[in-house]
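Chemist: sequence and computational prediction follow.
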Amino acid sequence: MAKLEMNGSYPLTRESIDKEITKKSAGNYAFGYLKDETFYIKYVGRSDTDLNNRIKHGVGDYKKFKFSYASSPKNAFEKECQNYHDFGEDKKLDNDIHPDRPDSSNWECPVCDIFD
Ligand SMILES: [Zn+2]
């Protein structure tokens, strides 16, 4: 069974985000909801620079979030790709497209060859 390997879940509110994500950092997140103690993932994403700020785009659309800090933007990208493939291939996620990489990078998805 694939794992997100993120902290949480926490309520997806501005107050809760500010309380939990205190470091300005690259990182990864997932939006979803809880049912019978299980976290159901609806969306995965990342920020290359400021995870706290990035997560706030989901406030109002989703109930809960999980997150993890990343040691570098590249690590955040690779984890987002992994999450996307682990949880998105059966179209259970709201993500419409494969995670993108910064224009200036030549990073490759660790799972597929979409950037070749
Ligand atoms: Zn891929």
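Modeler: That came in fine, so what should we check first? Numbers count the residues shown, from 1 in each chain.

Chemist: what parts of the chain come near the ion?
Modeler: Cys81, Cys109, Val111, Cys112 (Cβ under 5 Å from the ion). In this view, the C-beta of every residue, glycine as well, is placed from N, C-alpha and C.

Chemist: excluding chain neighbours, what is closest to the last one?
Modeler: Which is Cys112. His85 (6.8 Å; Cβ to Cβ, 6 or more residues apart in numbering).

Chemist: just the second one next, same as before
Modeler: Using Cβ to Cβ, 6+ apart and skipping the chain neighbours, the partner closest in space to Cys109 is Cys81 (4.5 Å).

Chemist: hmm, Pro99 and that neighbour touching each other?
Modeler: Yes - between Cys81 and Pro99 a contact is recorded at 5.3 Å, counting by Cβ atoms under 8 Å.

Chemist: what residues are shared contacts of these two?
Modeler: Cys109 (Cβ atoms under 8 Å, 6 or more residues apart in numbering).

Chemist: I'd like the average pLDDT over the top helix by length along the chain.
Modeler: Assignment by DSSP state H gives helix 73-88 as the longest helix of the chain. For helix 73-88, mean pLDDT rounds to 96.
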